[in-house]
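Student: structural data only, the sequence is not supplied:
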């Protein structure tokens, strides 16, 4: 789990760096705090990449990730609400196989995915390479469903470059 979180943060830093580069600006990562040890490991992994000899893989990120308690920061609270109220239900609706007695039955969340999926899709940013669809990445190791299954299908909307 530790390795997965660290690698996920490195992937996020690379995608965020690309996003900042396309806009010609700098930024910082403010992440929801985990344990002190976990925060240190992630910050150290980004630090060793950023300040190694040779090229900085994150030239548009001004500092290693900053960790904060979400109950103290509105931006982190909004991210938590989006993840809890929209992203998690959409993942369950799209990827979890129905099974009796499971508290998170996919059918409970089908309406959330149908109503908000296309709007959530526009919130993401896709960097080239191995990053997730529109900035949202789901790995289905049981059925190998594609990442695009997260969002409901919709006809192409004029003016929406994501379709």
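Tutor: Yep, it's here. What you are looking at is a predicted structure, and each value in this text was computed from that prediction instead of being measured.

Student: could you point out the longest helix of this protein?
Tutor: As assigned by DSSP state H, the longest helix anywhere in the chain is helix 2-23.

Student: what does that helix rub up against?
Tutor: Residues outside helix 2-23 that contact it (Cβ atoms under 8 Å, 6 or more residues apart in numbering): 26-27, 29, 31, 34, 38, 41-42, 45-46, 49, 57-61, 65, 125, 127-131, 135, 137. (C-beta placed from N, C-alpha, C; glycine too.)

Student: tell me which helix or strand comes right after it.
Tutor: Following helix 2-23 in sequence order, the next helix or strand is strand 30-32 (DSSP states H and E).

Student: that next one pairs with which strands, and in what direction?
Tutor: Strand 30-32 pairs in its sheet with strand 66-68 (parallel), by DSSP bridges.

Student: centre of the chain to the strand it pairs with, how far?
Tutor: Computed by Cα atoms, centre = their mean, to the nearest Å, the separation of strand 66-68 from the middle of its chain amounts to 16 Å.

Student: got the buried residues for that strand?
Tutor: Judged by neighbour count (16 or more other Cβ atoms under 10 Å), strand 66-68 contains these buried residues: residue 67.

Student: ok, then the element right after it?
Tutor: With elements assigned by DSSP H and E, the helix or strand that comes after strand 66-68 is helix 74-82.

Student: next one: the longest helix of the chain to chain centre, how far?
Tutor: Relative to its chain's centre, helix 2-23 lies at 9 Å (Cα atoms, centre = their mean).

Student: and the pLDDT for the residue nearest the centre of the chain?
Tutor: Centroid-nearest residue in the chain: residue 136, 4.9 Å away (criterion: Cα atoms, centre = their mean). At residue 136, the model reports a pLDDT of 75.
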